[in-house]
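>>> what's the 3D shape of this:
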Amino acid sequence: MKKDSNMRKVIGMGETILDILFKNRQPVAAVPGGSSFNAIISTGRVGVPCHFIGSTGADEVGQMIVDFMHANGVSTQYFEQTEEKSAVSLAFLDEAGDAHYSFYKPSVKCPGEKSHPAFAQDDVLLFGSYYACCQPMHPFVEAVMDEAVRSGAILYYDLNFRRGHAHELPVLLPVIEQNMKQSTIVRGSADDFEVMYGMRNAEEIYRNHVSQHCQLFICTSGAEDITVCTPGGIYKYPVTPIPDVVSTVGAGDNFNAGMACAMIWQGVLREQLPTLGKDGWLRLLDTATAFSAAACRSTENYVPTDFRL
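Below you'll find the predicted structure:
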C-alpha cells in the first residue's frame, strides 16, 4: 500500500532486540524484535506512515536493526545507535509455537536529550512493556506521553508485563498505573494481570484495577475470547482458531499494529472511542486479529511483506 502524506501516523516507542528462535533446540531464525518494534514494522509494511523512537547498539546487530527499519518503511529519524551493546533474546518454541525466553541485554539507561516526532490530532502512540515503566526511561516516556496528550493523539498502552519483572512490582506498579491514567486505551493479556494482580477475569480486572485509571480496556487471552470494556458496556468477541501456527512470537504486538492501522483506515477518532459500541469495536478487532494471525504463520515477528486484508 502506498503511503499517503496526509494520513495520520503511528509512532512506536520501545526497545529493540535480536530474537534468535529455536525449535527442537536448534536455531531456525534470527529476526529483529521488541514489542513496539514488531508492531511498527508491520505498520510500515502495510503503508501507514510511521516512526520509531528507541535505540540500539553501534554494532553489527544494531546496524541490522536500522537497515531493517529502512527496508520496511519505518522512519529512523528519532532512533539512535549508542555505545551500548545491542540486546539479544533466545526464544525457544514449543510444539504449539509458543515461546519461552532468555534475555541478554544491557541495563536500561536514561536516553538524555532525546527528541521525538511532533504529534498531530488523532495520531497513534504505541508504547508499553518494561521500557515504559522502568525508572531510567520513565521521565522520557512521560514527556512523550504528555506531548501526545496535549496534541490530541490516541495513546495505546500495551502492558506486556513479564513474569521476570514480578519482583519489581512494588516499584513498577505505581508507574504502570500512572501510564494508564495518560492512556486512551489500555491493552493487556490475562497472563499480564495474573502476574500483576493475581487475577485473569477481564471484567474483574477492569472494575478493580483499570477503570479508575483508563476508560477503555482490551483484554486478550490467547485463543479465548477478547474482552473490550468501555463506559457504555462490556463486549466479548470469540477468537477464530489459527491453522498452521509456526510461532506466536509477536502475536500480541501485531494485534496492536492492527488496532492502530484499523483506527486510521476506518477513520476512528480519539473522541469517538468511548462511544464506539459493539459493532465498531468488532470492525477494529477484525483487523487486529487478522494482523495477529498473519504473524503467527511464520518465524518472522510481523505480517508478511505482501499482507493484504
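
>>> so where do the helices sit in the stretch 51-200 of the chain?
Per DSSP state H, counting those that start in this stretch, the stretch 51-200 of the chain carries helices over the ranges 60-71, 138-150, 169-182, 190-197.

>>> Can you give me the neighbour number for R45?
22 (other CB atoms under 10 Å). For every residue, glycine as well, the C-beta is placed using N, CA and C.

>>> That one against R308, yeah?
No - checked against CB atoms under 8 Å, the pair R45 and R308 is beyond contact range at 10.5 Å.

>>> Of the helices of the stretch 51-200 of the chain, which is nearest Y130?
helix 169-182 (8.0 Å; CB to CB).

>>> Quick check: buried residues in that closest one?
Of all the residues in helix 169-182, those buried under the rule 16 or more other CB atoms under 10 Å are L172, V175, I176, E177, N179, M180, Q182.

>>> Also stretch 88-106?
Buried residues in stretch 88-106 (16+ other CB under 10 Å): V88, S89, A91, L93, G97, A99, K105.

>>> picking up where we left off before, mind putting the helices of the stretch 51-200 of the chain in TSV, mean pLDDT and distance to A293 included?
TSV is the format used below for these (pLDDT from 0 to 100; distance: least, CB to CB, whole Å):
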stretch	mean pLDDT	distance to A293
helix 60-71	96	22
helix 138-150	95	29
helix 169-182	97	28
helix 190-197	95	19
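
>>> F217 is nearest to which of these?
helix 169-182 (9.1 Å).

>>> as a whole number, average confidence for stretch 233-241?
Mean pLDDT, stretch 233-241: 95.

>>> End to end on it, go ahead and measure it.
26 Å (CA to CA, to the nearest Å).

>>> quick one, what contacts V66?
Going by CB atoms under 8 Å, 6 or more residues apart in numbering, V66 touches T56, T76, F79, Q81.

>>> Please report the distance of the second one from Q135.
When distance is defined by CB to CB, to the nearest Å, T76 is 26 Å away from Q135.

>>> same deal with the first one?
If you measure T56 against Q135 using CB to CB, the figure is 21 Å.

>>> So for the two, which sits in the more crowded spot?
T56 (27 against 12).

>>> and the gap between that one and E204?
39 Å.

>>> Next: K23.
36 Å.

>>> sorry, back to before: out of the helices of the stretch 51-200 of the chain, nearest to K236?
Of all the helices of the stretch 51-200 of the chain, it is helix 190-197 that lies closest to K236, at 13.1 Å by CB to CB.

>>> what's the next helix or strand after the closest one packed up against?
For helix 190-197, the following helix or strand on the C-terminal side (DSSP states H and E) is helix 202-205. Applying 3 or more CB pairs under 8 Å, 6 or more residues apart in numbering; DSSP states H and E, one finds that helix 202-205 contacts helix 190-197, strand 216-220, strand 226-230.

>>> check contacts around the nearest residue to V175 once chain neighbours are set aside.
Leaving aside its chain neighbours, V175 sits nearest to C133 (4.4 Å; criterion: CB to CB, 6 or more residues apart in numbering). With CB under 8 Å, 6+ apart as the criterion, the residues that contact C133 are L172, V175, I176, N179.

>>> which one of those is nearest A148?
After measuring those against A148 - CB to CB - the closest member comes out as N179, at 11.7 Å.

>>> Pull out the buried members of the contacts of V66.
T56, T76, F79, Q81.

>>> With pLDDT as new columns, can these be given to me in TSV?
Converted to TSV, these look like this (pLDDT from 0 to 100):
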residue	pLDDT
T56	92
T76	94
F79	93
Q81	91
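
>>> any idea which of these is the one closest to V246?
Taking CB to CB as the measure, V246 sits nearest to T56 out of the buried ones among the contacts of V66, at 25.8 Å.

>>> And that closest one, how far from I20?
Taken as CB to CB, the span from T56 to I20 is 16 Å.
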